[in-house]
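S.K.: missing the sequence, but the structure's below:
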């Protein structure tokens, strides 16, 4: 197998990588200071699909509000989501909150110390579990995050999309085979640093790479060819109308979305699918009649599996007397006050433009 052949080529891979890491690796990221399983866990969840530079201010603010797992578990979900606004992939935040409660209630506020137990918790996969075990506890456990996956596909010159099951298993076998007996925490951090700083997606700096001599992609002369791209598939487009309703007091109507699905648990503008139903919906569901209706500039938001085209509809709302809002998850938000919870990025952008 490809992994076995590669193992024979570089028995000193860990030594070379650790020597490079000691001199050139990152040692002062916020989650590397005062290392705990909790801090590693939060950082790993935030770093999924997100760049380090983006994560740092979010991580710092999150730790100020929720310095330990008990504080996070005791927090209101709206407060947790408000700290996540702008990071995207909001299911990560909801799972973070759920897992914090489980750790406090079922594990006496101490993180499980095995990959298998950690994987049982919401939002923690094999690589995240391996990172917690190795980085926080210095126990042997492999990782395979996006940066590491890219490094390994180039080492192997893997001519398969890494998302395919067989290819994914090859990468895990290599990750396990190369794991050293000592300094596992530094080794796994070094792997992530190698992918983030040298073995980058578009312009890998092979000349400075400690693994250059046994990298099959470098030997081929075209490392940027790897990882092989996912087979192309046209993303579908969906459309929605967002109602930006403002009353005489300057308050704006917000609605909390269902816990599951896109933007689950976040606050948003009310959405409708039929433009001709705006007045009827506003009267029946939001206890108001509307005037001064006009369309705003369309917004396009790209999800991983489809593109959402948003048409904002701005209108003045007049509240109907003796009629209450239909759902307790709807509020008239006063812009002078704090937001009630987390907002999806396009909703926050529209809100800022509308104020």
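M.R.: Yep, it's here. Since the model is a prediction, treat every value here as computed from it, not as a measurement.
S.K.: model confidence over the helix or strand residue 59 falls within, on average?
M.R.: Following DSSP states H and E, one finds residue 59 within helix 52-65. Averaging pLDDT along helix 52-65 gives 96.
S.K.: Mind giving me the packing neighbours of it?
M.R.: helix 37-47 (3 or more C-beta pairs under 8 Å, 6 or more residues apart in numbering; DSSP states H and E). Yep, even glycine has a C-beta here, placed from its N, CA and C like the rest.
S.K.: residues in contact with the helix it packs on?
M.R.: Helix 37-47 is contacted from outside by 29-31, 55, 58-59, 62-63, 68-69, 87, 92, 95-96, 111, 123-124, 128, 131-132, 135-137, 145, using C-beta atoms under 8 Å, 6 or more residues apart in numbering.
S.K.: cool, and stretch 225-234?
M.R.: Against stretch 225-234 from outside (C-beta under 8 Å, 6+ apart): 149-150, 153-154, 157-163, 217.
S.K.: how does it look with 6 Å?
M.R.: With contact meaning C-beta atoms under 6 Å, 6 or more residues apart in numbering, stretch 225-234 is reached by 150, 153-154, 161-163, 217.
S.K.: So for it, what gets flagged as buried?
M.R.: For stretch 225-234, burial by neighbour count (16 or more other C-beta atoms under 10 Å) applies to 226-228.
S.K.: Ok, stretch 238-258 next?
M.R.: 241-246, 251-257.
S.K.: Strands - which of those residues land there?
M.R.: 241-246, 252-256 (DSSP state E).
S.K.: now the helix holding residue 59 against helix 37-47, angle please.
M.R.: 140 degrees (axes from the mean of the first three to the mean of the last three C-alpha atoms, to 10 degrees).
S.K.: Can you give the distance from helix 52-65 to the centre of its chain?
M.R.: Its chain's average C-alpha position is 13 Å from that of helix 52-65, according to C-alpha atoms, centre = their mean, to the nearest Å.
S.K.: Kindly report the same for stretch 292-309.
M.R.: 21 Å.
S.K.: which residue ranges form the helices in the stretch 151-300 of the chain?
M.R.: Applying DSSP state H, counting those that start in this stretch to the stretch 151-300 of the chain gives helices spanning 165-178, 184-197, 216-220, 278-286.
S.K.: And these: which comes nearest residue 35?
M.R.: helix 184-197 (8.2 Å; C-beta to C-beta).
S.K.: Next, the buried residues of that closest one.
M.R.: 184-196.
S.K.: same deal with stretch 276-293?
M.R.: Neighbour-count burial for stretch 276-293 [16+ other C-beta under 10 Å]: 278, 281-282, 285-288, 290.
S.K.: can you tell me the distance between the two ends of stretch 203-217?
M.R.: Start-to-end span of stretch 203-217 (C-alpha to C-alpha, to the nearest Å) is 13 Å.
S.K.: Low-confidence ranges, this structure, go.
M.R.: Where the chain drops to pLDDT under 70, the residues are 1-11, 321-328.
S.K.: Next secondary structure after the longest helix belonging to it?
M.R.: In the chain, with assignment by DSSP state H, the single longest helix is helix 91-106. Downstream of helix 91-106, the next assigned helix or strand under DSSP H and E is helix 115-119.
S.K.: Which other helices and strands does that following helix contact?
M.R.: Contact analysis of helix 115-119 by 3 or more C-beta pairs under 6 Å, 6 or more residues apart in numbering; DSSP states H and E lists helix 126-131 as its packing neighbours.
S.K.: Now distance to residue 45 too, for the helices of the stretch 151-300 of the chain, in CSV please.
M.R.: Supplementary listing: these in CSV, determined by distance: least, C-beta to C-beta, whole Å:
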stretch, distance to residue 45
helix 165-178, 20
helix 184-197, 15
helix 216-220, 30
helix 278-286, 35
